[in-house]
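A.B. asks: any chance you can model this:
(2 chains)
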Amino acid sequence: ETGVTQTPRHLVMGMTNKKSLKCEQHLGHNAMYWYKQSAKKPLELMFVYNFKEQTENNSVPSRFSPECPNSSHLFLHLHTLQPEDSALYLCASSQRTSGAFNEQFFGPGTRLTVL
Amino acid sequence: GQQVMQIPQYQHVQEGEDFTTYCNSSTTLSNIQWYKQRPGGHPVFLIQLVKSGEVKKQKRLTFQFGEAKKNSSLHITATQTTDVGTYFCAGLTGGGNKLTFGTGTQLKVEL
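C.D. replies: Got it, this is the predicted structure:
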């Protein structure tokens, strides 16, 4: 499946590093999402963008900074992360954010390890 | 805040046995979705239920939405090894724009 792509697929970084995760969707959708998936925890919604505007910030620490330059691209900028931030970060997109047509299409994820 | 719980957390079955996972929300939902995540993979959308009491079938999979729109279930008949993975429900509250994912049920199928 190539509808939603994410790079890099794996990332190892130190706590003082700055890195960015990239997501691109080729489905013509208007909404994009960042999720965090940790072991033994449910998928945690981090951010929602609808038509490039952030509509949801689920109490995410400021060391995670999202950017959505257009409806097809979504970034997650990382700085001064903690080891407990190690997780699979999933990007998703949907045609809309509510009602019908809001089924979400996920990318393959970035496996992040913070040392 | 809204919570969505699933039971069981894990289920091991022999191939050919049936499997059911249950999803319960602390609040009334406008719709509920189900996703499957294979080991090492990402969640893949299976189905969406909108109406109270709705039942939908996809081959061996049967999905139900409760009358009160606070619970849902996924039943797999005669499991196969290809059914292995974690099944998540995800609920959307009325007027909201975010899905709250359930805790997931991990299914293992043994020959």
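
A.B. asks: close to chain A: what parts of chain B are there?
C.D. replies: Residues of chain B that fall close to chain A, judged by CB under 8 Å from any CB of the partner chain: B:4, B:30-31, B:33, B:35, B:41-45, B:48, B:50, B:88, B:90, B:92, B:95-104. For every residue, glycine as well, the C-beta is placed using N, CA and C.

A.B. asks: can you report how many residues lie near residue A:65?
C.D. replies: The burial metric for residue A:65, expressed as a neighbour count using other CB atoms under 10 Å in any protein chain shown, is 15.

A.B. asks: wait, it sits on residue A:79?
C.D. replies: Yes: distance between residue A:65 and residue A:79: 7.4 Å, which falls inside the contact criterion (CB atoms under 8 Å).

A.B. asks: distance of the closest residue to residue B:49 other than its chain neighbours from residue A:108?
C.D. replies: In space, not counting the residues next to it along the chain, residue B:49 is nearest to residue B:65; the distance is 3.9 Å by CB to CB, 6 or more residues apart in numbering or on different chains. Counting by CB to CB, to the nearest Å, the gap between residue B:65 and residue A:108 amounts to 30 Å.

A.B. asks: what do you get for residue A:60?
C.D. replies: On the measure of CB to CB, residue A:60 and residue A:108 end up 21 Å apart.

A.B. asks: for chain A, what lies in contact range of chain B?
C.D. replies: Within chain A, the positions lying close to chain B (CB under 8 Å from any CB) are A:31, A:42-43, A:45, A:48, A:50, A:55-56, A:58, A:90, A:92, A:97-100, A:102-109.

A.B. asks: filter those residues down to just the ones in strands.
C.D. replies: Using DSSP state E, the subset of the residues of chain A next to chain B located in strands is A:31, A:45, A:48, A:50, A:55-56, A:90, A:92, A:105-106.

A.B. asks: among those residues, the buried ones, what's the PyMOL command?
C.D. replies: Applying 16 or more other CB atoms under 10 Å in any protein chain shown to these, the buried members can be selected in PyMOL as follows:
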select buried, chain A and resi 31+45+48+50+56+90+92+105+106
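
A.B. asks: what's near enough to touch the residue nearest the centre of chain B?
C.D. replies: A centroid search over chain B (CA atoms, centre = their mean) returns residue B:89, at 4.1 Å, as the residue closest to the centre. Under the criterion of CB atoms under 8 Å, 6 or more residues apart in numbering or on different chains, the neighbours of residue B:89 are B:4, B:6, B:21, B:23, B:32-35, B:72, B:74, B:101-102.

A.B. asks: same question, residue A:112
C.D. replies: For residue A:112, the contact set (CB under 8 Å, 6+ apart) comprises A:11-13, A:21, A:78, A:81, A:85-89.

A.B. asks: with those in mind, which one is nearest to chain B?
C.D. replies: Distance to chain B across these (CB to the nearest CB) is lowest for residue A:88, with 8.4 Å.

A.B. asks: tell me how far the helix or strand hosting the closest one is from the chain's mean position?
C.D. replies: Assignment of secondary structure by DSSP states H and E places residue A:88 within strand A:87-94. Once both centres are worked out by CA atoms, centre = their mean, to the nearest Å, strand A:87-94 turns out to sit 5 Å from its chain's centre.
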